[in-house]
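Chemist: Whatever this is, show me its structure:
(2 chains)
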Amino acid sequence: MNFNDDHYALFELRRSFQLDVSLLDRRYREIQAQVHPDKFAQAGDADRRLSLQWATRVNEAYQTLKKPLSRAQYLLRLAGQEVGAENNTAMPEDFLMEQMEWREAVAEARLGREQGELEHLHLRLKQQMTDRYEQLAVLLDDRHDYPAAADLVRRLMFLEKLLFEIDEAMAALEA
Amino acid sequence: MAYSIKVLDHYENPRNVGSFGKEEEGVATGMVGAPACGDVMKLQIKVGRDGIIEDAKFKTYGCGSAIASSSLVTEWVKGKSIDQALGIKNTQIAEELALPPVKIHCSILAEDAIKAAVADYKKKHAA
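Modeler: Residues are numbered from 1 along each chain as shown, chains lettered A, B, ... in the order given. As a prediction, the model looks like this:
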């Protein structure tokens, strides 16, 4: 194990978007068991510090690869493709219009305390996201079309946020 | 993270929320979005025959800083010519609202919204 390995090499996984998550989980637990600071409670300062650094490093790698959106962003970074999440504000107008409509629908359902409508929005959005993640897998793993993948990642960032908001609204109604 | 007093003021009492009818004369729209936070911003200007922005409205789905940034620029653009409006910089917005570094992208979004609205106006009135 090399501290400067990329996240995939760290877990001995093939570098691709499609990923066997149960395998990732297993490798993560194996490495975490080896480097966990509890195991070094009796060790010297240097070893304890090293184990903590490793535990942090492994945890960060695991969190990045586990979720599809951060995994895609990480792959694009490895490929040298900018996502421009911070400064690319010029999304296509029809996409932004659609996002505006989604958010209006969520705000309305939230105000009207319409749990059923929120569930409906959640399911519809989930379906859209599943389709887009499938497209993303093709762009990243088969076509290696990184600019197109970056565009899709930017869109998915909006959708993930929207999903979070819908789920938050549902949780607020249930509380 | 604590919001500045000016952010809270614009957030709690946003100025110029809403939209103009699309058919209204002199109305132009700028739509922008920030992938990093999923914020979406629509900013409309209503330009008089003399090329001066008479009124502005916005609708923003996002955090307090994004709402405050768009509320502030709708106030700033009123009475300006469209070219003067293009002179509004995100750094001015960030400074006025005392935005922390992690919220600078909200001010970028507001600057880009103005630019997009002016571009839409110029496109419509190119002839």
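Chemist: Confirm for me that residue B:8 is in contact with residue B:64.
Modeler: Yes - assessed by CB atoms under 8 Å, residue B:8 is found in contact with residue B:64 at 7.3 Å. Placement of C-beta: from N, CA and C, glycine included.
Chemist: The two: who's more crowded?
Modeler: residue B:64 (18 against 14; other CB atoms under 10 Å in any protein chain shown).
Chemist: My reading is that residue A:54 lies in a helix. Confirm?
Modeler: Yes - using DSSP: H, G, I helix; E, B strand; the rest coil, the assignment for residue A:54 is a helix.
Chemist: just checking, it touches residue A:10?
Modeler: No - assessed by CB under 8 Å, residue A:54 is found out of contact with residue A:10, at 10.0 Å.
Chemist: Contacts only, for the closest residue to chain B within chain A.
Modeler: Relative to chain B, the nearest point of chain A is residue A:161 (2.6 Å; CB to the nearest CB). Residues near residue A:161 by CB atoms under 8 Å, 6 or more residues apart in numbering or on different chains: B:37-38.
Chemist: Tell me how far it lies from residue A:11.
Modeler: 28 Å (CB to CB, to the nearest Å).
Chemist: now do residue B:13
Modeler: According to CB to CB, residue B:13 and residue A:11 sit 51 Å apart.
Chemist: so which helix or strand takes in the residue of chain A closest to chain B?
Modeler: Taking DSSP states H and E as the definition, residue A:161 sits inside helix A:146-174.
Chemist: List the buried residues for that helix?
Modeler: A:146, A:148-163, A:165-166, A:169-170 (16 or more other CB atoms under 10 Å in any protein chain shown).
Chemist: Now do it, average pLDDT.
Modeler: Per-residue pLDDT over helix A:146-174 has a mean of 94.
Chemist: hmm, which helix or strand of the chain has the shakiest average pLDDT?
Modeler: No chain in the question, so chain A it is. helix A:45-66 (a mean of 90; mean pLDDT, DSSP states H and E).
Chemist: The intended chain is chain B.
Modeler: That would be, for chain B by mean pLDDT, DSSP H and E, helix B:5-12 at a mean of 86.
Chemist: For that helix, name the packing helices and strands.
Modeler: Judged by 3 or more CB pairs under 8 Å, 6 or more residues apart in numbering or on different chains; DSSP states H and E, the packing partners of helix B:5-12 are helix B:64-77, helix B:90-97.
Chemist: so of these, which one's packed in deepest?
Modeler: Most buried of these, by mean neighbour count (mean count of other CB atoms under 10 Å in any protein chain shown): helix B:64-77, with a mean of 25.
Chemist: check contacts around the closest residue in space to residue A:47 that isn't next to it in sequence.
Modeler: Distances taken as CB to CB, 6 or more residues apart in numbering or on different chains place residue A:40 nearest to residue A:47, at 5.3 Å, with adjacent residues excluded. Counting by CB under 8 Å, 6+ apart, residue A:40 makes contact with A:47-48, A:51.
Chemist: Check residue B:107 too.
Modeler: B:65, B:69, B:90-91, B:93-94, B:97, B:99.
Chemist: Also residue B:36?
Modeler: A:85-86, A:157, B:105.
Chemist: Please, a ChimeraX command that selects the buried ones among these?
Modeler: The buried residues among those can be selected in ChimeraX (16+ other CB under 10 Å) with this line:
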select /A:85,157 /B:105
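Chemist: possible to save the contacts of residue B:36 as TSV with distance to residue A:120?
Modeler: Output for the contacts of residue B:36, formatted as TSV (distance: CB to CB, whole Å):
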residue	distance to residue A:120
A:85	29
A:86	33
A:157	23
B:105	32
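Chemist: Go through the contacts of residue B:36 and say which is closest to residue A:26.
Modeler: residue A:157 (29.0 Å; CB to CB).
Chemist: Tell me how many other residues crowd residue A:68.
Modeler: Neighbours around residue A:68, by other CB under 10 Å: 20.
Chemist: Let me know whether it touches residue A:132 as I believe.
Modeler: No - using CB under 8 Å as the test, residue A:68 is too far from residue A:132 to be in contact (9.9 Å).
Chemist: Chain B against chain A: which residues are in contact?
Modeler: With CB under 8 Å from any CB of the partner chain as the criterion, chain B meets chain A at residues B:31-38, B:40, B:42, B:59, B:61, B:105, B:108-109, B:112-113, B:116.
Chemist: one more time with 6 Å
Modeler: B:31-36, B:38, B:40, B:61, B:105, B:109, B:112 (CB under 6 Å from any CB of the partner chain).
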